[in-house]
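Q: 3D, please:
(2 chains)
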Amino acid sequence: MASTRDIRRRIKSVKNTRQITKAMELVAASKMKKAQQAALAGRPYAELMAHMLAALADRVEEAQHPFLVQREVKTRGILLVTTDKGLAGPLNANLFKLVAEIKTPVKYAVIGRKGAQFIARTHRNLLADFTVSDRVAFTEVKVVAEFMVKQYLDGAIDTVEILWPRFRNTLVQVPTLLPLLPLTSVHDVVDDLRSGAGQAAAAGRGLENQMIFEPGPGVVLDALLPLYVNREIYQQVLDAKASEHSARMVAMKTAKDNATNLLGDLTLEYNKARQAAITQEILEIAAAQFAS
Amino acid sequence: MPLILEIVTPEARVYSDTIDSVVIPTASGEVGILPGHIPLLTQVENGELRVTKGNQTTLLAVSGGFAEIEGDRVHVLAEHAITEEKIDEKAVEEAMRRAEQQLKDAAHLDPQQYEHLQGLVRYSGVQLAVKRRRR
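A: Down below sits the predicted model:
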């Protein structure tokens, strides 16, 4: 049996671990709440954008915009959204599993250090890596989105897809691959935005036909579609943040619970060892008295 | 008949209120919106957006986006929007100076960063103009 001093030392270290994981759990919980709120705050924007695109959809020749042109896919472009820090349970590993399954030629752009390390380690084709702060600002993501769009327009990649841990609920995050470009049609975009905003696809209203577009419907559409792509990527990054913090919270909670269990076992062992030592001592004293 | 104005950015709903009139900076100059305006969808430029409610005027700095006027509703979809009182003059000046500094050694910047910084400088300029207007 281990000596009482060894056990005491272990108890101390487990207690420290529990303290740390507990603190990390609390931090992740509060960050998760904020991240979820941020993800919801984008809804009015999506609603409004759907509304504007719906008004435009019937008025313009769609096929002219480069985002709407279907071309042969030689190299796919995937934006991988991962975390900067570890200790988030299986969140990143699940994403990497999905990456490993992709066999077609792909170029990657990555948000988050973990993903960049993975892509570099496995010798995949990395275009660029970015990091975003914890409270993601739109400008940070805009840089990423514009980079992807530029690669797409230059022909370096033939699709723009995004791979991120979709936030289902606190316990479940599903790695999801969503194609963004090329868009199939403006009508699909409208439906997509509406479902994202929790709104049924509404029929177009009569007023939209009389609407004046300044400078012109084509120009407005040209400017609105990149904004749509930016927003879509931003929304997914916010979603990934919510996933990250909830995954971390759950992982830390499990770690804390394990530490508590371990602590119980160790305390029991310590008490037993201590009692054994005391009994031993009494026996020795008694034996010495008998002998004299 | 009052107007309902709503300004949203990807990050949040910045402004939502019933108002009397609003002046929006658009690609083809400033557009004043009064109740009963014809349906219009227009591009919004960097600039100041003036909201009049009763005899009170509120200023907002907005950057690139769209405005939609339909019936008695005005929706503004902007990349950034901030109300006058929330603008932190010092912080904006600081950010503007940093961006300008970086623009000076433009040689090692890629075009995207360049554009991003220029956008930052322009929007900072707008914010400062809005903030200093009352003095």
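Q: correct me, but B:E68 touches A:M49?
A: No: with contact defined as C-beta atoms under 8 Å, B:E68 does not reach A:M49; the gap is 10.0 Å. Where C-beta positions appear, they are placed from N, C-alpha and C, glycine not excepted.
Q: so what sits against both of these two?
A: B:L77 (C-beta atoms under 8 Å, 6 or more residues apart in numbering or on different chains).
Q: Wasn't A:A156 part of a helix?
A: No: counting by DSSP: H, G, I helix; E, B strand; the rest coil, A:A156 is located in no helix; its state is coil.
Q: circling back: when B:E68 and A:M49 are compared, which one has more neighbours?
A: A:M49 (27 against 20; other C-beta atoms under 10 Å in any protein chain shown).
Q: Need the nearest residue in space to the more buried one, chain neighbours excluded.
A: A:L193 (5.7 Å; C-beta to C-beta, 6 or more residues apart in numbering or on different chains).
Q: Please tell me I have it right and A:Y234 contacts A:A137.
A: No: when contacts are counted by C-beta under 8 Å, A:Y234 is not listed as touching A:A137 (9.4 Å).
Q: Just want to know which of the two has more residues nearby.
A: More crowded of A:Y234 and A:A137, by other C-beta under 10 Å: A:Y234, with 25 against 13.
Q: List the residues that contact that one.
A: A:G42, A:V136, A:F138, A:V141, A:K142, A:A145, B:P10.
Q: Including distance to A:A276, could those residues go into a markdown table?
A: Converted to a markdown table, the contacts of A:Y234 look like this (distance: C-beta to C-beta, whole Å):
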| residue | distance to A:A276 |
| --- | --- |
| A:G42 | 63 |
| A:V136 | 57 |
| A:F138 | 65 |
| A:V141 | 62 |
| A:K142 | 67 |
| A:A145 | 67 |
| B:P10 | 66 |
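Q: Of these, which belong to strands?
A: Within those, no residue falls in strands by DSSP state E.
Q: Pick the one among the residues you listed closest to A:S243.
A: Closest approach between these and A:S243, by C-beta to C-beta: A:V136, at 12.9 Å.
Q: Now the phi/psi pair for that closest one, please.
A: Recorded main-chain torsions at A:V136 are phi -70, psi 130, according to degrees, to the nearest 10.
Q: Go ahead and confirm it touches A:K241.
A: Yes: under the criterion of C-beta under 8 Å, A:V136 makes contact with A:K241 at 6.1 Å.
Q: Look at those two and report which has more neighbours.
A: A:K241 (27 against 19).
Q: Which helix or strand contains the closest residue to that one other than its chain neighbours?
A: In space, and not counting its chain neighbours, A:K241 is closest to A:A35: 4.4 Å by C-beta to C-beta, 6+ apart. Using DSSP states H and E, A:A35 maps to helix A:4-41.
Q: Show me what that helix is packed against.
A: helix A:217-291 (3 or more C-beta pairs under 8 Å, 6 or more residues apart in numbering or on different chains; DSSP states H and E).
Q: and the helix it packs on, how far from the chain's centre?
A: 19 Å (C-alpha atoms, centre = their mean, to the nearest Å).
Q: Tell me what angle that helix forms with helix A:4-41.
A: Orientation note: helix A:217-291 sits at an angle of 160 degrees relative to helix A:4-41 (axes from the mean of the first three to the mean of the last three C-alpha atoms, to 10 degrees).
Q: Quick check: buried residues in the host helix or strand of A:K97?
A: Under the criterion of DSSP H and E, A:K97 resides in helix A:91-101. By neighbour count on 16 or more other C-beta atoms under 10 Å in any protein chain shown, the buried set for helix A:91-101 is A:L91, A:N92, A:L95, A:F96, A:V99.
Q: Done for today, thanks.
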